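Participant: Pasting the sequence and the predicted coordinates here, then a few questions.
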Amino acid sequence: MKLFPRLLAPAAALLSLGAAAPLGAQSITENHFQAVNLTIADNSIIGASSTQTFGPGIGDTAVFSITQVTVTLNITGGFNGDYYAYLQHTDPSGNSTIAILLNRSGRTSTNLDGYLDAGLSNVVFSDAAANGDIHLYQSVVNPSGAALTGTWQPDARAVNPATATDAATRSAFLSAFTGADAHGAWTLFVADFAAGGQGIFVDWNLTITGVPEPGTVAVGALLLGALAWHQRRRFARQGPPKS
């Protein structure tokens, strides 16, 4: 019983130096927060944007293959029915993918103004949110003019914000990022598409869950196996170490 820890101790030491992820790790979750504090121009396509970039010498991520992305967003003021927001990921090869977070919440064929509540307070966007579609959040909870809170599914309607309503097909979910390498540029863009009221894009947090690069775990496993094999051969020649 005393032999096994002795045999593995040198291997474990080398593994901790040579591997970025623990042996057998299934997934990791990273949180990337960005303070913004930018005014969202009223009734303008210019909007406000914030970018977080992951790559050598810039900031990093260990996620090699994404399994889930969620976003937490804070906006103060303005009218939620005016806001259009998306998350865009551009990978190191220049390929871009977009998920639509907001697209004129509350806007329908009979209510072209959308909801008049003022902003988002720690709203989490998740494809799996039990509250359902943020476009129709007042069917679940009515903030009565205050900021919306809670966890919601993204709007996902990849249509022109000038004409968007609840009837548009939902297709641009956060699942669009599944399988991607997390490296590259992540941009959150917010714009106000109707006159009246002005908001502030306060901050956002990007939560990425996925698996690390296979090589980091594989190299560690090879080191561990090789050292254990070496110790077994040594044990066979010299007998068990003294206690």
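Facilitator: Alright, I've got the coordinates. Numbers count the residues shown, from 1 in each chain.
Participant: Show me the shaky parts of this structure.
Facilitator: 1-25, 57, 215-243 (pLDDT under 70).
Participant: show me where this structure has strands.
Facilitator: For the chain, the strands defined by DSSP state E occupy 28-40, 44-54, 63-77, 83-90, 96-103, 119-125, 151-152, 184-192, 199-212.
Participant: Relative to residue 173, which of the ones you listed is closest?
Facilitator: Closest of those to residue 173 is strand 96-103, at 6.0 Å (criterion: CB to CB). Any C-beta I mention is one placed from the backbone N, CA and C, and that applies to glycine too.
Participant: what comes into contact with the closest one?
Facilitator: With contact meaning CB atoms under 8 Å, 6 or more residues apart in numbering, strand 96-103 is reached by 69, 71, 73, 80, 83-90, 125, 134-135, 154-159, 161, 164, 168, 172-174, 176-177, 180, 188, 190.
Participant: buried residues in it?
Facilitator: Within strand 96-103, the residues scored as buried using 16 or more other CB atoms under 10 Å are 97-103.
Participant: hey, what's residue 191 bridged with?
Facilitator: Residues in a beta bridge with residue 191, per DSSP bridges, are residue 84.
Participant: That should have said residue 40, apologies.
Facilitator: residue 199.
Participant: on that earlier part again, who wins for proximity to residue 145 among the strands of the chain?
Facilitator: Residue 145 sits nearest to strand 119-125 of all those, at 10.4 Å, using CB to CB.
Participant: and residue 159, how many neighbours?
Facilitator: 18 (other CB atoms under 10 Å).
Participant: domain assignment for the chain?
Facilitator: Segmentation of the chain into domains, based on automatic domain parsing, reads 25-212, 214-243.
Participant: quick one, which of those is packed in tightest?
Facilitator: Comparing those by mean neighbour count (mean count of other CB atoms under 10 Å), domain 25-212 comes out on top with a mean of 18.
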